[in-house]
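Undergrad: Sharing a model that was predicted from the sequence below.
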Amino acid sequence: MYATISPSDASSGALPDAHSNGATGRAPAQRTTGAGRVSFKADGAGNTRLDRLYQQGCAKIRLPRVYGGSAAEAVLINSSGGLTGGDIVSWQADAATGTYAVITTQACEKIYKADSGVARVSNHVTVTDGARLDWLPQETILYDRAGLHRSLEVHLAGDARFMAVESLLLGRLAMGEALRSLAFRDSWRIHRDGRLIHAEAQRLEGDVARIGLADAVLSGHLALATLCYTGPEDSDAMDALVDSGRALMQPFADCTVGLSSFNGKILARLTATNGMALRAALIPLISHFRTGEPLPRVWTT
């Protein structure tokens, strides 16, 4: 919190009201900022090791010891406990040749009601030839009147493998909260060897609870997720992954799943009645495209 001292105040020795902010009479709200960067390298024994780590502001990164898997893990933490209008956070993850890394979050990210503006989150990923990185944050929860503009920029080289998953919960479902006003935008751009191979933009604004009732939108569902996988597999191998993924999803009646393969990538869209139903279907689907690798422990604890 701060206040402005005018020359007349300074000369008279008077201090301004700590709660004042010029003509509005209110102090500007404190905003969260943070930046975190992590990169991985391969050691001589074929293991993935930390190369560089940087964290600033509310952005923290932890590297838990991994048991039973071949991928190194980085856990992203927003120490402010949530985001609201005016907050700015950026993350960057890089995987060098011969590495396998998974990026996740400590918990669901909460986007609170914004009095003004939107929260901004930018994510940047680089995966070099012969590496793999899985981007697996836990769900983002959008509260009523929340505002969030988020982006994911990915650069792949050679035969790099990459998988991204983003999940949304529209309101605090357990409390029966409905979103009457929302300003959410999400942009993905994935490049391979400098060529754009996947681009999408998602926008949810206005009375989402009403708009989402349409069959062409969410069919009344309040939980949704997108999964995208791209790698060096040929079209037959991609189609086989899709077919087995569809069979895997058949028991999940509370979740609607669409899976397709095209242009060297696999895309899945999921909607569900609630967050628990979404996660129940999403966990085996993620494991399927990770060839049996266990999920980060934070997903199951």
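TA: That came through, no problem. Numbers count the residues shown, from 1 in each chain.
Undergrad: hey, where'd the helices end up in this structure?
TA: Taking DSSP state H as the criterion, the chain carries its helices at 7-12, 208-211, 235-249, 275-289.
Undergrad: show me where pLDDT drops low in the stretch 51-200 of the chain?
TA: For the stretch 51-200 of the chain, applying pLDDT under 70 flags the ranges 173-174, 176, 178.
Undergrad: Including mean pLDDT, could the helices of the chain go into TSV?
TA: Shown next, in TSV, are the helices of the chain (pLDDT from 0 to 100):
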stretch	mean pLDDT
helix 7-12	38
helix 208-211	77
helix 235-249	96
helix 275-289	94
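Undergrad: Please identify the most buried of those.
TA: Greatest average neighbour count among the helices of the chain goes to helix 275-289 (a mean of 19), per mean count of other C-beta atoms under 10 Å. In this view, the C-beta of every residue, glycine as well, is placed from N, C-alpha and C.
Undergrad: Let me see the contact set for Cys228.
TA: Residues near Cys228 by C-beta atoms under 8 Å, 6 or more residues apart in numbering: Met163, Ala164, Trp188, Ile190, His198, Lys265, Ile266, Leu267, Ala268.
Undergrad: Check it and give its pLDDT.
TA: Looking at Cys228, its pLDDT is 98.
Undergrad: so Arg161 bridges to which residues?
TA: Arg161 forms beta bridges with Arg132, as assigned by DSSP bridges.
Undergrad: Please disregard the earlier target; I meant Trp91.
TA: Beta bridges link Trp91 to Gly36, Asn123, judged by DSSP bridges.
Undergrad: these two touch, right, it and Gly36?
TA: Yes - shown here, Trp91 and Gly36 form a contact pair, counting by C-beta atoms under 8 Å, at 5.2 Å.
Undergrad: what do those two both touch?
TA: Counting by C-beta under 8 Å, 6+ apart, the residues touching both Trp91 and Gly36 are Ala59, Leu76.
Undergrad: Mind checking which of those two has more residues around it?
TA: Trp91 (25 against 22; other C-beta atoms under 10 Å).
Undergrad: Now do the contacts for that one.
TA: If you count contacts by C-beta under 8 Å, 6+ apart, Trp91 has them with Ala35, Gly36, Arg37, Ala59, Leu76, Ile103, Val121, Ser122, Asn123, His124.
Undergrad: And Gly82, by the same measure?
TA: Contacts of Gly82 (C-beta under 8 Å, 6+ apart): Glu109, Lys110, Ile111, Tyr112.
Undergrad: Narrow the contacts of Cys228 to those in strands?
TA: Met163, Ala164, Trp188, Ile190, His198, Lys265, Ile266, Leu267, Ala268 (DSSP state E).
Undergrad: Could you measure from the fourth one over to Thr48?
TA: Which is Ile190. As judged by C-beta to C-beta, to the nearest Å, Ile190 and Thr48 stand 22 Å apart.
Undergrad: Neighbour-wise, give me the winner out of the contacts of Gly82.
TA: Ile111 (26 neighbours).
Undergrad: got the contact list for that residue?
TA: Contacts of Ile111 by C-beta under 8 Å, 6+ apart are Gly82, Leu83, Thr84, Ala119, Thr140, Ile141, Leu142, Tyr143, Ala146, Gly147, Leu148, Phe184.
Undergrad: show me the contacts for the last one.
TA: This means Phe184. Ile111, Leu142, Ala146, Gly147, Leu148, His149, Leu168, Gln202, Arg203, Leu204, Glu205.
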